[in-house]
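In: Please find the sequence and the predicted model below.
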Amino acid sequence: MTFAPEWLALRENADAQARSTELVDVLGKTLVNRTTLTIRDLGCGTGSMGRWLAGRLGGVQHWVLHDRDPRLLGLAQAGMSAIENVTAETREGDLTALTAADLAGADLVTCSALLDLLTADEMNALATACVEAHVPALFTLSVAGRIEFDPAEPLDAAFQDAFNAHQRRVVDGRRLLGPDAPQAAEEAFTALGATVRTAQSPWRTNADALQREWLKGWVGAAVEQEPALAADASDYLRRRSEASAVVHHVDLLALPGVA
């Protein structure tokens with residue numbers, strides 16, 4: 001799956017405000033005395049994670065940007081290379097097959113809004129690769145499956161349940177984790193002996209352009225999953241576009257070999 005640059009640009013500011021800086025502070029203490037940080041960003045999109053994280057980590061950095069979409073990789077590399085003390089290269093392809101050998105030499109593995117698109121086996125394999133390579137992982141903005149609207153209304157639960165079921169659908173024989181991803185990631189890393197910290201990283205929107213665009217996809221997916229909701233969808237979408245919303249996500253930091 002790939003995403004339009006326009007959508008990624010629309011959400012970048014909300015993503016930046018939502019990600020946990022507390023986890024970055026913890027991570028930073030484990031990366032001292034590294035002359036050059038090598039960071040692998042999985043599913044990098046246009047590079048928003050790098051633009052948010054590079055300055056917070058500081059020092060000289062080399063980013064290896066992974067994505068399936070060559071257009072997004074080009075945008076990400078151009079943006080990252082413009083940051084002082086940062087160089088970047090790209091890797092196009094399927095990141096679900098990464099192994100510990102692929103991550104050798106990395107100081108950090110990151111991703112944003114990616115884990116819900118993995119299967120349980122793929123999540124376990126990614127955690128195994130990070131732990132066996134002894135590389136910390138900072139996985140941000142994993143969907144939690146909870147939306148709070150203000151004002152709330154009775155249909156909220158029906159649309160949320162249908163959307164979450166849609167996120168757990170089978171695609172090309174792969175059962176996606178959807179909102180189960182944060183727990184699956186935490187369990188996978190913990191089982192491998194890593195120290196895991198999590199933090200809430202919600203979007204907070206208020207009838208803005210991001211909320212309107214996100215809602216179109218959210219309501220559309222719910223109706224695709226539960227066609228009986230179609231009769232209410234148009235009016236529901238209009239009302240929810242005028243409300244405020246908290247879209248819950250979870251950030252995770254896994255530190256292999258730290259007791």
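Out: All right, it came through fine.

In: Every contact and neighbour count from this point should use C-alpha atoms.
Out: Fine.

In: Now for Asp156: which residues touch it?
Out: Listed by Cα atoms under 8 Å, 6 or more residues apart in numbering, the contact set of Asp156 reads Phe149.

In: would you say it is within a strand?
Out: No - using DSSP: H, G, I helix; E, B strand; the rest coil, the secondary structure at Asp156 is helix, not a strand.

In: And it, how far from Asp232?
Out: Using Cα to Cα, to the nearest Å, Asp156 is found at 11 Å from Asp232.

In: list the buried ones in the helix or strand containing Trp63?
Out: Assigned by DSSP states H and E, Trp63 belongs to strand 60-67. Within strand 60-67, the residues scored as buried using 16 or more other Cα atoms under 10 Å are Gln61, His62, Trp63, Val64, Leu65, His66, Asp67.

In: Over to stretch 98-117?
Out: Neighbour-count burial for stretch 98-117 flags 98-100, 103, 106-117 (criterion: 16+ other Cα under 10 Å).

In: Give the rounded mean pLDDT of it.
Out: Stretch 98-117 shows a mean pLDDT of 96.

In: Which residue, other than its chain neighbours, is closest to Ala209?
Out: With Cα to Cα, 6 or more residues apart in numbering as the criterion, Ala209 has its nearest non-adjacent residue at 7.9 Å, and that residue is Leu10.

In: what's the helix or strand hosting the one you found packed up against?
Out: Assigned by DSSP H and E, Leu10 belongs to helix 5-18. The contact analysis (3 or more Cα pairs under 8 Å, 6 or more residues apart in numbering; DSSP states H and E) places helix 5-18 against strand 203-206, helix 209-225.

In: Now the longest one: buried residues?
Out: Of the residues in helix 209-225, those with enough neighbours to count as buried (16+ other Cα under 10 Å) are Leu210, Gln211, Arg212, Leu215, Trp218, Val219, Gly220, Ala221, Ala222, Val223, Gln225.
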